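In: okay, here's the prediction I keep looking at, along with the sequence it came from:
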Amino acid sequence: MDQPLTREFGSLEPGRAWFNTAHQGPLPSTAVEASSRAAEMKANPCRLPDSSFSEVPEVLRARLATLVGGAVDEIVLGNSTSYGLHLIANGLSFAPDDEVLTVEGDYPATVLPWQRVARVRSVPASELPAAIAPRTRVMAVTWVDSFTGRALDLSALGRACRERGVWLVVNGSQAVGARPVDVRSLGVDALVSCGYKWLCGPYGTGFAWLSPALRDTLRPQQAYWLAMQGDRGLDHMRDTRLRDDLGVRGFDVFCPAAFATSLPWIASLDLFLAAGVDSIARYDQELASRLLAGIDPSAYSVVSPSRSALVVLSRRDGTAFSRHRLLTSAGIDTAYREGNLRFSLHTFNTVEQVDRALDALHIQDR
């Protein structure tokens, strides 16, 4: 079984198995080194030339555009998934009876931003896209569900939304980095993600890809002075005229250079792009298949039959929490969410770790 990046995560604690990337992805060694360089730059500001405040965001933007198959001028730099979702929700105009269609039980970050600006109607995932109604303006969904591991068919949803004139906005935080992404073929209007889960960047990182049509519809909400500088240097900064020619750069999070987070994230993205997310995804699926194949169906049920790098298990005897504690004490880190055990299997995990987890899952059951 090919292991695309396992050797790049030398900082992981020996003897433990981290199966909780859906919460936090670890930093690879090159990103740890980049974090140290960023700290040294801040400790010695003479190493921070003025040009770096514009150059670093553009390097990051280019990496992200390559990652998702978009263009540089379609990438907004953020600090989370929520940043991008709020940017879109607050940038669109809604009539009083317009609605946003969401999925029942979806992750709060995908649902909450819309409740401030429009009527929200939630339906079971199985009822999409038939639930699109005449007043539906936006369908806001999560690609891979954090609580079940269910993966939506975005291509099918994209076709339905285009036919009905509905914007399709996708939270990709549990997919980007673990699944290949080509925003053109998916047919979505916006793909929003954080960088600190499956992309193994620092906490406080994120981005949004916006289709040109959606981007040009959004109202500007901010006037960050450094963005307004555009291609002007820092030797003349008293020009306070608002600019409307900034495109996505007018939507970036403030202080997008953010060296302490941007530099290590660029290092992580370089690793993922070099290895190929398609190769990483195949490896993740092989690990997930091995875990699923070893599960005793008399002790556990799989919460979602849909395949992703998330495997969510329900303990049939109701002892999922105690089993979670047992796993943790054995050095196997998982998540306990909504009464279930959640495994996140990613590129740094190994077959041996999966087999250890299976032994711990079934101890006392055999």
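Out: Structure received. Because the structure is predicted, anything quoted here is derived from the model rather than measured. Numbers count the residues shown, from 1 in each chain.

In: where are the low-confidence patches of this protein?
Out: 1, 364-366 (pLDDT under 70).

In: what's the domain layout of it?
Out: The record's domain parsing of the chain by automatic domain parsing lists 6-19+276-361, 31-274.

In: helices along this protein, start to end?
Out: Assigned by DSSP state H, the chain shows helices spanning 29-43, 52-68, 81-91, 108-115, 154-164, 183-186, 212-215, 225-229, 259-275, 277-293, 320-329, 351-361.

In: now the ones you listed in a markdown table, with distance to Tyr300 and mean neighbour count?
Out: C-beta coordinates here come from the backbone N, C-alpha and C atoms, glycine included. Putting the helices of the chain into a markdown table (distance: least, C-beta to C-beta, whole Å; neighbours: other C-beta atoms under 10 Å) gives the following:
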| stretch | distance to Tyr300 | mean neighbour count |
| --- | --- | --- |
| helix 29-43 | 35 | 16 |
| helix 52-68 | 34 | 19 |
| helix 81-91 | 29 | 22 |
| helix 108-115 | 26 | 18 |
| helix 154-164 | 29 | 17 |
| helix 183-186 | 32 | 17 |
| helix 212-215 | 41 | 16 |
| helix 225-229 | 50 | 16 |
| helix 259-275 | 31 | 21 |
| helix 277-293 | 10 | 18 |
| helix 320-329 | 9 | 16 |
| helix 351-361 | 7 | 17 |
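
In: adding distance to Gly339, write these out as TSV.
Out: Listed next are those as TSV, based on distance: least, C-beta to C-beta, whole Å:
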stretch	distance to Gly339
helix 29-43	34
helix 52-68	34
helix 81-91	24
helix 108-115	17
helix 154-164	28
helix 183-186	32
helix 212-215	37
helix 225-229	45
helix 259-275	32
helix 277-293	19
helix 320-329	6
helix 351-361	16
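
In: closest one to Leu246 among the ones you listed?
Out: helix 225-229 (5.9 Å; C-beta to C-beta).

In: re earlier: out of the helices of the chain, nearest to Arg307?
Out: Taking the helices of the chain one by one with C-beta to C-beta, helix 277-293 is closest: 6.8 Å.

In: now that closest one against helix 52-68, angle please.
Out: 60 degrees (axes from the mean of the first three to the mean of the last three C-alpha atoms, to 10 degrees).

In: which other residues reach helix 277-293?
Out: For helix 277-293, contacts defined as C-beta atoms under 8 Å, 6 or more residues apart in numbering pick out 1-5, 67, 177-181, 272, 302, 307-309, 311, 343, 345-347, 349, 351, 354-355, 357-358.

In: would you turn the domains of the chain into CSV with distance to Gly25?
Out: Shown next, in CSV, are these (distance: least, C-beta to C-beta, whole Å):
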stretch, distance to Gly25
domain 6-19+276-361, 7
domain 31-274, 4
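
In: kindly check the end-to-end length of stretch 309-322 for me.
Out: 23 Å (C-alpha to C-alpha, to the nearest Å).

In: who's in contact with the spatially closest residue to Phe259 that is not a sequence neighbour?
Out: Nearest residue to Phe259, sequence neighbours excluded (C-beta to C-beta, 6 or more residues apart in numbering): Ala38, at 4.4 Å. Shown in contact with Ala38 (C-beta under 8 Å, 6+ apart): Phe259, Ala260, Leu263, Pro264.

In: what does Gly25 give?
Out: Gly177, Tyr196, Lys197, Trp198, Leu199, Cys200, Gly201, His346.

In: could you check how far the first one is from Gly339?
Out: Right, the one you point to is Gly177. 27 Å (C-beta to C-beta, to the nearest Å).

In: so which of those two has more stuff around it?
Out: Neighbours were counted for Gly177 and for Gly339 using other C-beta atoms under 10 Å; Gly177 has more, 29 against 12.

In: and the closest residue to the more buried one other than its chain neighbours, how many neighbours?
Out: Among residues not flanking Gly177 along the chain, Trp198 sits closest, at 3.1 Å (C-beta to C-beta, 6+ apart). For Trp198, the count of nearby residues is 30 (other C-beta under 10 Å).

In: cool, Gly69 as well?
Out: 15.

In: was I right about it contacting Asp182?
Out: Yes. Contact criterion C-beta atoms under 8 Å: Gly69 and Asp182 qualify, at 4.0 Å.

In: now Glu40: how far from Leu60?
Out: Applying C-beta to C-beta to Glu40 and Leu60 gives a distance of 19 Å.

In: can you check Asp189 too?
Out: 22 Å.

In: just the CA trace of stretch 181-191, in CSV.
Out: Only the C-alpha atoms of stretch 181-191 are listed here, as CSV (Å, rounded to 0.1, in the frame of the first residue of the first chain):
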residue,chain,number,x,y,z
VAL,A,181,-11.2,18.7,-6.2
ASP,A,182,-11.9,20.3,-9.6
VAL,A,183,-14.4,23.1,-9.0
ARG,A,184,-15.2,23.4,-12.7
SER,A,185,-16.3,19.8,-13.1
LEU,A,186,-18.2,19.8,-9.7
GLY,A,187,-20.4,22.6,-10.9
VAL,A,188,-20.5,24.4,-7.6
ASP,A,189,-20.6,28.2,-7.2
ALA,A,190,-18.5,28.4,-4.0
LEU,A,191,-16.3,25.9,-2.2
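
In: hmm, who's touching that stretch?
Out: Residues outside stretch 181-191 that contact it (C-beta under 8 Å, 6+ apart) are 67-70, 84, 88, 154-155, 158-159, 161-162, 167-170, 172, 175-176, 208-211, 213-214, 277.

In: do the same with stretch 298-307
Out: Under C-beta under 8 Å, 6+ apart, the answer for stretch 298-307 is 145, 147-151, 285, 288, 292, 295, 311-317, 340, 361-362, 365.
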